[in-house]
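> show me the folded form of this:
(chains A and B)
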Amino acid sequence: DSGVTQTPKHLITATGQRVTLRCSPRSGDLSVYWYQQSLDQGLQFLIQYYNGEERAKGNILERFSAQQFPDLHSELNLSSLELGDSALYFCASSKSTDTQYFGPGTRLTVL
Amino acid sequence: GENVEQHPSTLSVQEGDSAVIKCTYSDSASNYFPWYKQELGKGPQLIIDIRSNVGEKKDQRIAVTLNKTAKHFSLHITETQPEDSAVYFCAASIGRGSTLGRLYFGRGTQLTVWP
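Below you'll find the model as predicted:
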């Protein structure tokens, strides 16, 4: 158990819908990272937050957004969902900028 | 940005044998190299990491080596056991600028250890 929690574990929704994925970092970790894992793209970095502020952006679509709240939990919002958004979404946390610990992930299925 | 390549994509070994997975990276500014193990239905689990000021690191049956000149690093697992079967990912992190902290992953190696 890494100490990073993610909810929900599974999410099934339809095209065009919007979903919210939630992540709670390990106690004391200020950085939260979001990654997408798919068969064709592998593990891809989406976005990073540090102590409530956006720190870095990767290949994140404009339909996707995220935020980190004062209690340091983070949410990833995915809107106007397409079939190709079906993937595993992982959250990771770290104290600073390395040694990232991953959560168990949310499996998103878009039908 | 950084590009990490990982080989082989699949690896089958007999229990007790050694397994080696190799990765190369493109950006000489990368300075942190973690390895993750991912079992089916679970998130990536950090198993060992190495920083650019160190050439080798060992933790029981697992070791990682880094060659900065050649820009490659390797994972060595000795005395493999069936429970080592999983997908292994290498990653690299560039310790500067806007990419600070972001991990660039290889495509993974499916390791199967036969009893």
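> which helix or strand in chain A has the lowest average pLDDT?
strand A:53-57 (a mean of 91; mean pLDDT, DSSP states H and E).
> which strands and helices sit next to that one?
strand A:42-50 (3 or more C-beta pairs under 8 Å, 6 or more residues apart in numbering or on different chains; DSSP states H and E). Every C-beta, even on glycine, is put in place using the N, C-alpha and C of the backbone.
> return the distance of the strand it packs on from the chain's centre.
In this view, strand A:42-50 has its centroid 7 Å away from the chain centroid, taken as C-alpha atoms, centre = their mean, to the nearest Å.
> what angle sits between it and strand A:53-57?
On the basis of axes from the mean of the first three to the mean of the last three C-alpha atoms, to 10 degrees, strand A:42-50 is oriented at 150 degrees to strand A:53-57.
> so which residue is smack in the middle of chain A?
residue A:34 (3.6 Å; C-alpha atoms, centre = their mean).
> contacts only, for the closest residue to that residue other than its chain neighbours.
Nearest-residue entry for residue A:34: residue A:46, 4.2 Å, with adjacent residues in sequence omitted and distances by C-beta to C-beta, 6 or more residues apart in numbering or on different chains. Counting by C-beta atoms under 8 Å, 6 or more residues apart in numbering or on different chains, residue A:46 touches A:33, A:34, A:35, A:36, A:57, A:58, A:59, A:60, A:64, A:66, A:76.
> recalculate using a threshold of 7 Å.
Counting by C-beta atoms under 7 Å, 6 or more residues apart in numbering or on different chains, residue A:46 makes contact with A:34, A:35, A:36, A:58, A:59, A:60, A:64.
> and those, which are buried?
A:34, A:35, A:36, A:58, A:60, A:64 (16 or more other C-beta atoms under 10 Å in any protein chain shown).
> save these as a markdown table, and put in distance to residue A:24 and secondary structure too.
Conversion of the buried ones among the contacts of residue A:46 to a markdown table gives the following (distance: C-beta to C-beta, whole Å; DSSP: H, G, I helix; E, B strand; the rest coil):
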| residue | distance to residue A:24 | secondary structure |
| --- | --- | --- |
| A:34 | 13 | strand |
| A:35 | 16 | strand |
| A:36 | 19 | strand |
| A:58 | 21 | coil |
| A:60 | 21 | coil |
| A:64 | 19 | strand |
